[in-house]
Each structure stands twice: as C-alpha cells, then as structure tokens.
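1. give me a 3D structure for the following:
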Amino acid sequence: MRGEGDRVDGDVDGPASDGDPDDPSTAGDPAPPTLRGLLARVRAAARSQPPRDLFLIAVPLPALLVAVSLTPGTDAWRLSLATDGVFESRWALWTAFASSFVHASPAHLIDNLVNYWLLVAVAYPLSVVAGWRGRLLGSTAIYLAVVPLVSAWATIVALGGLTNAPTAGFSDVNSALLGYVVVVWFAALATETGAEGGRDPGSAAGVDARWAVVAALGSLAVAYLAPSGVGYFPSLPAVGSLFALCAALVAAGLYVGVGRPRVVGLGLAPERELLYVTGASVAAAGVIGSLVVVPFGSNVFAHLAGYVVGVAVPLVGVVLDG
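-> The predicted model follows:
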C-alpha cells in the first residue's frame, strides 16, 4: 500500500523501476502506467482539493432532488404542456421552474442523479486544471436559475400544440452541465505544457479553448442530422447542415488564426491523459444519449435548450480570457 506522499508508477524524479540503466534504449524512460498508480494519483488529487468544494458539487443538489421527491404534493409541480406560455400566470411560471426538480418515478430520479454525479466527476477536475473552479460553481448557479425556464419555453414552443402531457425532470440541467464539460475540456487542455518525463516538457498543448465552439456546433449538427427514432423529433437536414457549415467556418477561421489543434502526442502524465479521455468519453456519450439516440418520451427539446445554455455560459469565460 502506498502512503499519500509516496511516489507512484510513472514518476520521473527517481530512477525508473523497470529499465536497464546500462541499456541506452531504456535509460531514462518512465515506468509504464498501472491502474494502481492511476488510482493512487486520483485519490491524492481528490484529497488535495478543498473539502468544501467537493461537498458543494456532490451533496446539496442531489439532496434537494431527493427531498423534493419525498415531499407530498410535488407531483403537481410538473409543467403541463397545455400551458400557453411560461409567463401565462404565476402558477405557470412556478411549474416551469420547479418541474426541473420533480421526477416522474424513483427510477427517473436515480437516472438523473447518476448522470449528475458522472458529469461533475469530470467537470470538477477539468475545472481545476483550467483554473475554472470558481466558474464551475458560478456556471452551475446560472444553470439552476436559467435553464429550467429556458427549457420549459422550448418545450412549450415545440410540443405545446401536440399534447397536454406534463413534463418534469432534472435532465435539462444535466444537459447544461454536459455543455460545460465540452467547453472546459478544451479550456483545460489549452493550459497544458507537457508533463514531467514528456518528450517536450516545455511545449504548449497547441489547443485554443475556442475550438470548443467547433465541437459544440458539430454536436448540434449531428443531433439534427441523425435520425432520433421518435416521431416528435425528426431529423432536420437543413438545420443540421447549417450547424455543420457554421462549425466548418469557425474551424477554418481558427485554423488560420491560431493553427491546427494538437491533442495527441503531448507527453502528458498518465492520470492526466486518463482525465481527458474520460472527459471526452463522457461528453460524447452524453451528446449521443441525450440529443441523438432519444428514448420515446424523453424531452429532447429540454435537453437541447439546456445544452445550448450550458455551452454558452462558459464560452463567455473563454472570450474574457482572450
């Protein structure tokens, strides 16, 4: 067992554990990463963060969602799609907001809780790397205040004339966090300068955080071009093609302005590579699961609204950073 201060596999401040010092082909090479070493570094990284931050992102929101689900009478807070508009009445405004914190069943609640924890599990360490720890908390506060109303408006516009069924669930806010992950992934990678033991320790990663715009537009293009499998969200080639064109134009502009993004061969530490691979996997799976492969009854319009807000808010930070 390793202590918190012990070296783990892959450290380069001492001799490599499995290389022949007399063999020039292996001298100086770091030991290959191991799962034990990666887990040890993850534990050390978690212990190094303020407990208050970890508590704030992991506990209060899930506790609130559980408390709302256990409170009698909250089923009435679901938003009726028979409502003509978010601001039709005080009750309509309240249900437009509160419906995001109500769930149709325990399984629905558990699904959203698991998705929330999965998203913040990658959003927080990426935010720490990017220097965005405060922005994560600020963005989440904005999402909680704005996304429920925006998603309710989008749902009423899209489905209000088709059904009077109620809608509820935290997936719109989760979709906003998904949009945040897309942006902060690029923001974090833009700060990398190469890990100790990398082939070029002082080199910048060569990724401008504004490439997140291309990823966001591209994901929206896929969402509108791919068949969803449900009749109320058909593929819209014209809209999808417009997003694809915008993504291509932004990519061309960034290529001319800041150069080609370099995201491989950076010589990052194994646990840092794992963070980026995990973050990219969560983002890709989230986009596919909430915007592309849509289960019948899923409110994809709320997902879309949340995702767009989720991308837009941290992009303000990217612009402010220059």
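2. show residues contacting stretch 53-72.
-> With contacts defined as C-beta atoms under 8 Å, 6 or more residues apart in numbering, stretch 53-72 is touched by 46, 74, 101-103, 106, 109, 112-113, 116-117, 120, 123-124, 133, 136-137, 140, 144, 170. To be clear about C-beta, it is placed using only N, CA and C from the backbone, and glycine gets the same treatment.
3. what do you get if the cut-off is 10 Å, keeping everything else the same?
-> With contacts defined as C-beta atoms under 10 Å, 6 or more residues apart in numbering, stretch 53-72 is touched by 46-47, 49-50, 74-75, 77, 98, 100-106, 108-110, 112-114, 116-117, 119-121, 123-124, 127-128, 133-134, 136-137, 140, 144, 169-170, 173.
4. what ranges do the helices span in this structure?
-> 35-48, 51-58, 60-70, 90-98, 106-130, 133-159, 171-189, 211-225, 237-258, 270-287, 300-320 (DSSP state H).
5. now the buried members of the contacts of stretch 53-72.
-> 74, 77, 98, 100-103, 108-109, 112-113, 116, 119-120, 123-124, 127-128, 133, 136, 140, 144, 169-170, 173 (16 or more other C-beta atoms under 10 Å).
6. from residue 207, how far off is residue 191?
-> Residue 191 sits 9 Å away from residue 207 when distances are taken as C-beta to C-beta, to the nearest Å.
7. okay, the two: which has more neighbours?
-> residue 207 (23 against 14; other C-beta atoms under 10 Å).
8. that one contacts residue 258, correct?
-> Yes - using C-beta atoms under 10 Å, residue 207 makes contact with residue 258 at a distance of 8.9 Å.
9. tell me who's in contact with residue 223.
-> 233, 235-236, 239-240, 243, 287-288, 290-292, 294, 300, 303-304, 307.
10. those residues, buried ones only, as a PyMOL selection?
-> Buried members of the contacts of residue 223, identified by 16+ other C-beta under 10 Å, are gathered into one PyMOL selection as follows:
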select buried, resi 233+240+243+287+290+291+292+294+300+303+304+307
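11. least confident of the contacts of residue 223?
-> Within the set of the contacts of residue 223, pLDDT is lowest for residue 294 (82).
12. what's near enough to touch the closest residue to that residue other than its chain neighbours?
-> Once flanking residues are discounted, residue 294 sits nearest to residue 228: 4.3 Å by C-beta to C-beta, 6 or more residues apart in numbering. Taking C-beta under 10 Å, 6+ apart, we find residue 228 in contact with 234-235, 291-296, 298, 300.
13. and of these, the nearest to residue 224?
-> Taking C-beta to C-beta as the measure, residue 224 sits nearest to residue 235 out of the contacts of residue 228, at 6.5 Å.
14. hmm, that closest one is touching residue 225, no?
-> Yes - judged on C-beta under 10 Å, residue 235 makes contact with residue 225 at a distance of 5.9 Å.
15. which residues are common contacts for the two?
-> In contact with both residue 235 and residue 225: residue 292, using C-beta under 10 Å, 6+ apart.
16. how about the contacts of residue 228 in TSV, adding distance to residue 59?
-> TSV is the format used below for those (distance: C-beta to C-beta, whole Å):
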residue	distance to residue 59
234	40
235	40
291	28
292	31
293	31
294	30
295	29
296	33
298	27
300	29
